[in-house]
Structure formats: structure tokens, C-alpha cells
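Undergrad: Output the structure for:
(chains A and B)
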Amino acid sequence: MKVSTQRRFIRGVSYAILILWSLTLVFPMYWVLITSFKNPVDMSIKATYLPFLDFEPGLHAWRYLFVERLGWFMQPFSNSMIVAFVSSSIALVVGSMAGYALARFDFNGKNNSIVLGFMAQRMFPGALFILAFLVMFRELRLLDTKTALVIVYAAGAIPFIVWVMRDFFEGLPVEIEESALIDGANRLVVIFRIAMPLAAPGLVAVFVLSLIGAWNEYIVALTLTFRDSITIPLFMGMQVSQTGYTEWWNMSAISLVSVIPVVTAGMALEKYITSGLTFGALKG
Amino acid sequence: MATAQRSVPPARGVLQFSIHDRLWKWLLLLPSLLMTTVLFIAPVVWTLYAAFTDLHLFRVGVETEWVGLYNFQKLLGNSSFWRTARNTVVFMLGVVPMQFLIGMVLAVCLDNVTRGLKLFRTWFLMPLMVSPVVVAFVIGRMLFQEDIGPINSLIRWLGFEGIPWLTHPNWAMFTIMVIDVWQWSSFMILMLMAGLQGVPYDLREAASIDGASFWQTFFRITLPLVLPIAATALLIRIIDAFKVVDIIMVLTGGGPGQATESVTLAIYRAGVKGGDLAFGSSQAYFLLLVMVVFGGAFLALTRRTMSQTKD
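TA: As a prediction, the model looks like this:
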């Protein structure tokens, strides 16, 4: 009896804390949502909290974004889309091939060292690379191009993909591949028609995580692009820091448009993302 | 994923000794090796080289000279650099323990509930998807806005004076920490929750039936068992905290004065904006050194703690 009372109490406290943290996470999102519907007058004197009660919501920020200044906003948006999808796709193909090779072939017993070598790269601070990238891409005449960002982001995502996918492929039964090989199938067919489809959950996880990484990356984009190829975070950063007085409602609308795609994708694929993110720990 | 299979060496394809497969394995690995060599090893080596020269971005046609340790001497005697180093360490020491604490509390809470678990878990993932630039803008510029922001409005309504969140040096650092904690505590929650799931429920059940209190069970059984995962999560967060730059750049630009300037921001300023590649490179290597020292110390500490708890 005593135990169950104590347990009920602990559960109650747990729910209270969970709800409190949920609200902490909700509030900024709520605020940015209502701000995107505010008019300048609603923010000139005091804070307003509730649409219809506190202030009269209007669509002018959304009209500004999608009608009046569509081109201004669409350029960084499409840059981000292209860079994120192309770099993640390249990293996925290249990285998972290496992951497969490290799972199924013997590299003179050095497989673990090779994987560790890939992973060590993630420890290094970005500051160590940006100056070299700047000089490198200047020599290649690739500054302010999407190509430069695609190359850097793809290379940046590869170590993680190799690491996760190698373990994923090791977890798949080798017998199916063996029998296909005995039946005379080409190794490439085995990889792309048998192994890759079986590894789909892992591939989805690492692809979405690379996508999010590329979509949100800031410092490399800041170093390598400045006008034609700027991405969304850079565009937002410019808007925030250039104007001391910021047009909150427009910025809010831009924020929402830029986070909704990734947040929706990430939360829809929650199971895969969580397993991808906590992968290192579970392996322990 | 594949946890159980890991210790056992995988059965390998029967045809691995054929000449074709020897070719295949290298063909499959080569693109990754090539890309990471060109974009990882080359820059790291080049930056090391640059740190010992007088390389400058905007100076062309002049012979680059070898200057030995000059850049590092300049660095050590530079009070503004020490300020940024101090800021970075303060930031790390501020956010990582806080994230760990929040992560641990919420992971334990999640472990205690069943209804709504999936909902909470999914929602807690949200901050990790949002761009740090957006988080910095929404929290730092809007919620903590000093005149009409909701937080200062609340403080004034309670009868206190509004807080200079971004214009006072110490408060500016605090605000930046709050933003990082808001965003990255979720990572700790996920990691620690994964760890807790590995602790057999029976073990805790048995302890509580034997009359152990909630806290006893937690400190004696749960905590030691999640320690390895906690150590991994902490190490990842320590490394990431040392790299902080984007939220600072968007929010304060390192100000007021130099109060929130991180090392990475200083490197960007010196190397990219100022063109002093040599000085920027030496700072980057100094940052790496600091990270290695802190990371190494942390690893040594956890290893000692873990061997003690085993006894």
C-alpha cells in the first residue's frame, strides 16, 4: 500500500515536471507564431499575449513574405533546399558504401581503426577548417557558390554516416547476400538491391540528420558565401544583426517558414532520429 | 541497433577472396576516404602550416615567410584573446552541467510515466531540429527583448526593474547560456533516457520492494548504471560547447564590449574578416589544445569514477 502511494506521488511529480518543460519548449514557438500575425502597433508600447483579446491579428507579415518580397526570400530558401538535399544525398551514397565495405570486407584487420579515424574528425572544431576552406575555395573560384557548400556539407556528414551504417550493415544477416552472390549476382546489385533496402531505417535516420545539419549550418556558410548563395540561417542572421530595430513580424514569419519543414520531418520520423542521435551512447 | 552483434565478428561474404571483391572493397571505401582527406586532413595540415607563417588573405604577390612561434607569442600576450578563451570556458562550464541536470531530471521523469510518453519524447526532440540562429532570434531578441519583451514585462508587472538581458556584460552571457540550454538539454534527455532503458526494471523494482527509497534507488542503482552513457553525452556536449559561435554572432556579435566573444568568433574576425590567416590559425590550434585538455581531463575523471563505483 505504502509503495503504491509513493509511486503515485512520484508519477504525479514526474508529470508536473514534464509538462513544465514542455511549456518551456512551447512558449518561444507560441510567441513567434503570434508575432507573425501582429501589426506594428501591437508591439510599439507593450507586450501583447493573446490574439483577438490583446491584439487584432493581421496577415500583413505573411503577405509581405509571400507576395511582396517573395523573390527576396525565395533565393536563400531554395539555396538551402538545394544545398541540403544534394549534399545529404551525396553523403548518403558515398558514406553508406564505405559503411558497407567496412562491415563486409576485411581491411587487414584495421576496420575499427578506419571507423575511429572517420569519427575523430567530428571532434575537431570548425574554426580549424574555415580559414583553409576560404583559401581553398578562393583558389578554386568557388566562393559564394552552392557547389562549395555542397562539397563541405557532404564531406562533413560522411563520418557519421559511415559510423552508423557500418554497424547497421553488420547487424544484417549475411546469408541473403551470400546466396545472391552464389546465384551469380554482381556485388553492386547485391549492395543496392539487397543490402540497402534492408538498411532503409538506418539510411532514413542518417539522411534526415544530415539534412537537418546542412539546413541549420551557419559558420561555414558565413565564411564561404555572401550574396548569391546564402542559406536561410545566414539570411536570417543578416536580417537580425543588420537592423538594430527589427521588423519582428516579418522575421517571425521567416523563422516559421524556415523551421517548419525540418521540425515536421524530424518529429514525424522521431523513432529513427532518436536512434540515430543516441546511437553512440547505445553502442557504449 | 545491432548492439548484440557487435562483439561477435560478423560472418563475411564467401566470395571475399576473389579478385573482384578485393577491387570492390576499395572502390566502395575510396570516395569517402578521398572526400574526408581533401576536406579534413588537408585543411588541418594547412592550418598548422599557416600558424607558423605570416600568411594573409588580402596580400598577394608577396613571398610568404616562415615566422616560427611568432603567432603563438602574439597570442599569449594578447589580453583580448585571453578574454575570449575565458568566455568560452565560462560558457562551457555554465551550460553543460545545467543541461546534464535538466536532462537527468527529465529522463527520470520520462522513465516514470507511460501515458503520453511518446508525445513528450517527440516534442522534446523539437529544439534539436531548429536552427540555432532562429532560436537565438526568437528567445534572445524577442522573449528577452528589454523594453517590450514578455519576460521583462512580467518582471516589471511583479514590481521589479527590467533586466538588461543583452546590454549588460554578465547578463548577456547569461542570456546566451539560456538559449543554449533551451536548445541542447533535449540531447541530454534523449541520451540519458536511452541509458535508463538499459537499466533492467526488475533491478529497481527489487530495490524498492526491499524498502529502498526513490533517492536510494536512484543514486545506488540507476546512476552508476547510466554513467557510461552519461559520460559519452557529456563529452559530446563539452566539445560542442567549445565550438559555440552562431548564437553569439547573431545575438550580441560578441558584445557588449568583448563580454560574450567566443574563441571561434575571434578566429572568424581575425582570419575571415581581418584576413590574418596566420593569427587566426594559431588561435584555432590553441582552441583545439584547450578542447583536448578539457576532454582528456574529463575522460580521466570519468574513468576513475567508474572504476570506483565498480568496487
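Undergrad: and residue 260, how many neighbours?
TA: No chain in the question, so chain A it is. A count of neighbours around residue A:260, defined by other Cβ atoms under 10 Å in any protein chain shown, yields 12. C-beta here means a position set from N, CA and C on the backbone, and glycine is covered the same way.
Undergrad: Not quite, go with chain B.
TA: 29.
Undergrad: Same check on residue B:256?
TA: 15.
Undergrad: What is the three-state secondary structure of it?
TA: coil (DSSP: H, G, I helix; E, B strand; the rest coil).
Undergrad: Does it touch residue B:170 like I think?
TA: No - using Cβ atoms under 8 Å, residue B:256 is not in contact with residue B:170; the gap is 10.0 Å.
Undergrad: quick check: mean pLDDT across the strand or helix carrying residue A:94?
TA: Assessed by DSSP states H and E, residue A:94 sits inside helix A:70-104. Averaged over helix A:70-104, pLDDT sits at 92.
Undergrad: Which secondary structure elements does it sit against?
TA: helix A:111-120, helix A:146-170, helix A:200-216, helix A:232-242, helix A:248-268, helix B:19-36 (3 or more Cβ pairs under 8 Å, 6 or more residues apart in numbering or on different chains; DSSP states H and E).
Undergrad: Out of the ones you listed, which is the most enclosed?
TA: helix A:146-170 (a mean of 24; mean count of other Cβ atoms under 10 Å in any protein chain shown).
Undergrad: residue ranges for the helices of the stretch 201-311 of chain B, please.
TA: Counting by DSSP state H, counting those that start in this stretch, the stretch 201-311 of chain B has helices at residues B:201-209, B:214-217, B:223-242, B:246-251, B:263-267, B:277-310.
Undergrad: What sits closest to the residue nearest to the spatial centre of chain B if chain neighbours are left out?
TA: Nearest to the mean C-alpha position of chain B, by Cα atoms, centre = their mean, lies residue B:240 at 1.9 Å. In space, residue B:240 comes closest to residue B:184 once its chain neighbours are excluded; the distance is 7.4 Å by Cβ to Cβ, 6 or more residues apart in numbering or on different chains.
Undergrad: The helix or strand hosting the one you found packs against which elements?
TA: For residue B:184, the host element (DSSP H and E) is helix B:169-197. Using 3+ Cβ pairs under 8 Å, 6+ apart as the contact test, the elements touching helix B:169-197 are helix A:2-35, helix A:270-277, helix A:279-283, helix B:79-112, helix B:117-129, helix B:132-135, helix B:223-242, helix B:246-251.
Undergrad: so can I have CSV of those helices showing distance to residue A:54 and mean pLDDT?
TA: Output for the helices and strands packed on helix B:169-197, formatted as CSV (distance: least, Cβ to Cβ, whole Å; pLDDT from 0 to 100):
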stretch, distance to residue A:54, mean pLDDT
helix A:2-35, 9, 89
helix A:270-277, 34, 80
helix A:279-283, 44, 57
helix B:79-112, 31, 93
helix B:117-129, 25, 91
helix B:132-135, 24, 92
helix B:223-242, 38, 88
helix B:246-251, 27, 90
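Undergrad: For the ones you listed, give me CSV that also has distance to residue A:124.
TA: Shown next, in CSV, are the helices and strands packed on helix B:169-197 (distance: least, Cβ to Cβ, whole Å):
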stretch, distance to residue A:124
helix A:2-35, 31
helix A:270-277, 20
helix A:279-283, 17
helix B:79-112, 16
helix B:117-129, 21
helix B:132-135, 19
helix B:223-242, 9
helix B:246-251, 17
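Undergrad: who wins for proximity to residue B:276 among the ones you listed?
TA: The closest of the helices and strands packed on helix B:169-197 to residue B:276 is helix B:79-112. By Cβ to Cβ, the value is 12.3 Å.
Undergrad: buried residues in that closest one?
TA: Neighbour counts over helix B:79-112 (16 or more other Cβ atoms under 10 Å in any protein chain shown) mark B:81, B:83-85, B:87-89, B:91-92, B:94-96, B:98-100, B:102-112 as buried.
Undergrad: could you give the angle of that helix to helix B:201-209?
TA: Inter-element angle recorded for helix B:79-112 and helix B:201-209: 80 degrees (by axes from the mean of the first three to the mean of the last three Cα atoms, to 10 degrees).
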